[in-house]
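Asker: Curious how this folds, go ahead:
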Amino acid sequence: MVVADLHAHTTNSDGEMTLDEVPAAARRAGVEVVAVTDHDRLHPGLDAPVTERDGVTVVHGIELRVESPAGRVDLLGYGVRETPALSDLVGHLQRDRVERGRAMVERVEDHLSVDLDVTVEPGFGRPDVARAVAAATEYEFGEVFEQLIGEDQPCYVARDIPTFETGREVLAGACALVGLAHPFRYEDPAAALELTAALDAVERYYPYGFDPEVSAVEAAMEANDLLATGGSDAHDHRLGRSGLERSEWERVRARLPDP
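Answerer: Numbering: from 1, shown residues only. Presented below is the predicted three-dimensional model:
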């Protein structure tokens, strides 16, 4: 039974759920713990590494995209205490996100001869572009990525990404735990898992939609003394699709600061 969903996004980045809606969504899913891991951004509504909101434990986290020898991967930081280095990094990334978002919106509008009527604010991401396109045209949400804003598509705009070493160092200085997100979403999972030698954890549980070869993750966990994390990667209100059972959560909890 999943008691801790340690990968969820809010409207602070590209999710649909507000922070105030997290406890109700957790209760609907039977989840006791939720980690808010917005993309490249700290949540301004969370002022401590771990808090209690309406009976639900909320872990302040972050999902940071980095460039590594294995390609672009995502790091998950848990139990965040904001540091000057992290503040500087996310500030730079958010300014870049806004510029990138505006450029993508302009490219889509020019390409489709349509007015998306969307405001690009901090936290804006490609899912926001896709939702705006789907609302204004006959494109389905997934088709927007496949045909317009995915890599190598006509309206794609690249963004600035820190190196693995920089991202890991900054997160390690600010977070109680730093782990690799969803290793089987990368083109070379084996190469991605090699990065865990420099990390604390790996996302062992994730709703991929297929059955991954988890023995590779378990081998990395044993070799590098990693904690297991897991979560639904919710960008909507559906929590608990994946995550940690109680004993696994307790091992993670022991590494996090008290509320």
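
Asker: So which bits of the longest helix that the chain contains are buried?
Answerer: Across the chain, the longest stretch assigned as helix under DSSP state H is helix 84-112. Within helix 84-112, the residues that qualify as buried are 86, 89-90, 93-94, 97, 100-101, 103-105, 107-109, counting by 16 or more other Cβ atoms under 10 Å. C-beta here means a position set from N, CA and C on the backbone, and glycine is covered the same way.

Asker: And stretch 162-175, by the same measure?
Answerer: Within stretch 162-175, the residues that count as buried by 16+ other Cβ under 10 Å are 162, 164, 167-172, 174-175.

Asker: For those residues, name the two members farthest from one another.
Answerer: Using Cβ to Cβ, the pair of these lying farthest apart is F164 and A174, separated by 16.1 Å.

Asker: Neighbours of R81, how many?
Answerer: Counted by other Cβ atoms under 10 Å, the residues lying close to R81 total 14.

Asker: follow-up on the earlier one: which elements pack onto the longest helix of the chain?
Answerer: Packing partners of helix 84-112 (3 or more Cβ pairs under 8 Å, 6 or more residues apart in numbering; DSSP states H and E): helix 126-136, helix 164-174.

Asker: Quick one: mean pLDDT over the first one.
Answerer: For helix 126-136, the per-residue pLDDT values average out at 93.

Asker: give me the number of residues near D258?
Answerer: Using other Cβ under 10 Å, D258 has 7 neighbouring residues.

Asker: swap in E250?
Answerer: Counted with other Cβ under 10 Å, E250 comes out at 12.

Asker: Can you give me the distance of it to E32?
Answerer: To E32, E250 is 11 Å away according to Cβ to Cβ, to the nearest Å.

Asker: next one: A174
Answerer: Note on A174: its distance to E32, by Cβ to Cβ, is 25 Å.

Asker: How about A130?
Answerer: Separation of A130 from E32 (Cβ to Cβ): 32 Å.

Asker: Now do the contacts for the spatially closest residue to V50 that is not a sequence neighbour.
Answerer: Once flanking residues are discounted, V50 sits nearest to P259: 4.8 Å by Cβ to Cβ, 6 or more residues apart in numbering. When contacts are counted by Cβ atoms under 8 Å, 6 or more residues apart in numbering, P259 touches 48, 50-52, 57.

Asker: Filter those residues down to the buried ones.
Answerer: 50, 57.

Asker: So what pairs up with the residue nearest the centre of the chain in the strands?
Answerer: Taking Cα atoms, centre = their mean, the centroid of the chain lies closest to E63, which sits 3.9 Å from it. Beta bridges link E63 to H39, L76, judged by DSSP bridges.

Asker: Going forward, the N-terminal residue is numbered 23.
Answerer: Sure, I'll start counting at 23 from here, so that last one is E85.

Asker: list the contacts for it?
Answerer: Under the criterion of Cβ under 8 Å, 6+ apart, the neighbours of E85 are 29, 31, 59-62, 96-99, 203.
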